[in-house]
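Asker: how would this look folded up:
(4 chains)
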There are 2 protein chains.
Amino acid sequence: MSRKYRSDAMAAIHEMMEDLHDGGVIDKKTMRRFDHACLTPVRPLKPKEIKAIREREHVSQSVFANYLNVTSSLVSKWERGEKRPSGPSLKLLSLVEKNGLAVVS
Amino acid sequence: MSRKYRSDAMAAIHEMMEDLHDGGVIDKKTMRRFDHACLTPVRPLKPKEIKAIREREHVSQSVFANYLNVTSSLVSKWERGEKRPSGPSLKLLSLVEKNGLAVVS
DNA sequence: TGAATTGTGGCACTGAGTGCTATAGAATAG
DNA sequence: CTATTCTATAGCACTCAGTGCCACAATTCA
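Answerer: Below is the predicted model:
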């Protein structure tokens, strides 16, 4: 419950910030700083970490790949260190790591 | 509220399915079919659609890029049709389109 | 037994994504 | 008013992520 509460609170704060921004109370610069500070940090993930995330979710590479909209071939390569996820892929993996597979359903 | 309720319900159902799977009640094949049917469909997005999504969230290309963990340069190219998002990027954009920027915070 | 799933492995290819720079207009600060 | 910052577009070169294909062995299920 605490996790859900936290994200709901964040969503509420965000909405408030957006309203303030729409009303011209705060500028985009402030908005930008705020957003940047709020984002879930995205750190590079090691092959074993990726495999650990997937196994914690009790899914095969194939199912995992479907959730992330990538090929199962790629998931295999991530976990063996043949390819390293970057940019959008890292973001998705970080989201799953923090919030579980449900957030990308 | 209805949106939150829906995702919570889905999360609960998923947990139940996982428990069933752990208990050996259902097999991985069934799990796979279930997951595939549950996923948010990811359709290719047109440049204008991407721009519409971002503007609906009241953020600049730069802020939007930070959320998705890509460069602002790339967001610009998406919106002008110079590059087309694919795989993980499309998944992220679809998530934002359906659930708002909060889900990738 | 036969059929399907899972994971590894390899190979070639395309283009997504990065990084840099420059530009111009709009907004903000001082 | 001026100086600075943010905004978005634009171009260019480059790397390697991601795709698609195949084959293989081990496992699981009908």
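
Asker: what's the helix or strand for residue A:79?
Answerer: helix A:72-80 (DSSP states H and E).

Asker: that helix near DNA strand C anywhere?
Answerer: Yes - judged by C-beta under 7 Å from any atom of the strand, helix A:72-80 and DNA strand C are in contact via A:72, A:73, A:76, A:79, A:80. Yep, even glycine has a C-beta here, placed from its N, CA and C like the rest.

Asker: that helix packs against which elements?
Answerer: Counting contacts by 3 or more C-beta pairs under 8 Å, 6 or more residues apart in numbering or on different chains; DSSP states H and E, helix A:72-80 packs against helix A:47-56, helix A:61-68.

Asker: hang on, residue A:61 packs against residue A:79?
Answerer: Yes - Residue A:61 is within contact range of residue A:79, at 7.4 Å (criterion: C-beta atoms under 8 Å).

Asker: got any residues that touch both of those two?
Answerer: Shared contacts of residue A:61 and residue A:79, defined by C-beta atoms under 8 Å, 6 or more residues apart in numbering or on different chains, are found at residue A:54.

Asker: more crowded one of the two?
Answerer: residue A:79 (21 against 17; other C-beta atoms under 10 Å in any protein chain shown).

Asker: which ones are touching the more buried one?
Answerer: Counting by C-beta under 8 Å, 6+ apart, residue A:79 has contacts A:47, A:48, A:50, A:51, A:54, A:61.

Asker: just the buried ones out of those residues, please.
Answerer: Among the contacts of residue A:79, those classed as buried by 16 or more other C-beta atoms under 10 Å in any protein chain shown are A:47, A:50, A:51, A:54, A:61.

Asker: DNA strand C next: which of those are close?
Answerer: Filtering the buried ones among the contacts of residue A:79 for proximity to DNA strand C (criterion: C-beta under 7 Å from any atom of the strand) leaves residue A:61.

Asker: circling back: now render the residues of helix A:72-80 next to DNA strand C as TSV, adding pLDDT.
Answerer: Shown next, in TSV, are these (pLDDT from 0 to 100):
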residue	pLDDT
A:72	96
A:73	97
A:76	97
A:79	97
A:80	96
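
Asker: okay, now the unreliable bits of chain A?
Answerer: Applying pLDDT under 70 to chain A flags the ranges A:1-37.

Asker: per-domain residue ranges of chain A.
Answerer: Here the domain parsing of chain A from automatic domain parsing is A:2-38, A:47-104.

Asker: tell me, how many residues neighbour residue A:56?
Answerer: Neighbours of residue A:56 under the rule other C-beta under 10 Å: 12.

Asker: also residue A:62?
Answerer: Residue A:62 has 16 nearby residues by other C-beta under 10 Å.

Asker: wait, it sits on residue A:72?
Answerer: Yes - using C-beta under 8 Å, residue A:62 is in contact with residue A:72, at 4.3 Å.

Asker: how much space separates whichever residue of chain A sits closest to DNA strand D from DNA strand C?
Answerer: Relative to DNA strand D, the nearest point of chain A is residue A:89 (3.2 Å; C-beta to the nearest atom of the strand). Distance, residue A:89 to DNA strand C, using C-beta to the nearest atom of the strand, to the nearest Å: 8 Å.

Asker: re earlier: now, the most widely separated pair of the contacts of residue A:79?
Answerer: A:48 and A:61 (14.4 Å; C-beta to C-beta).
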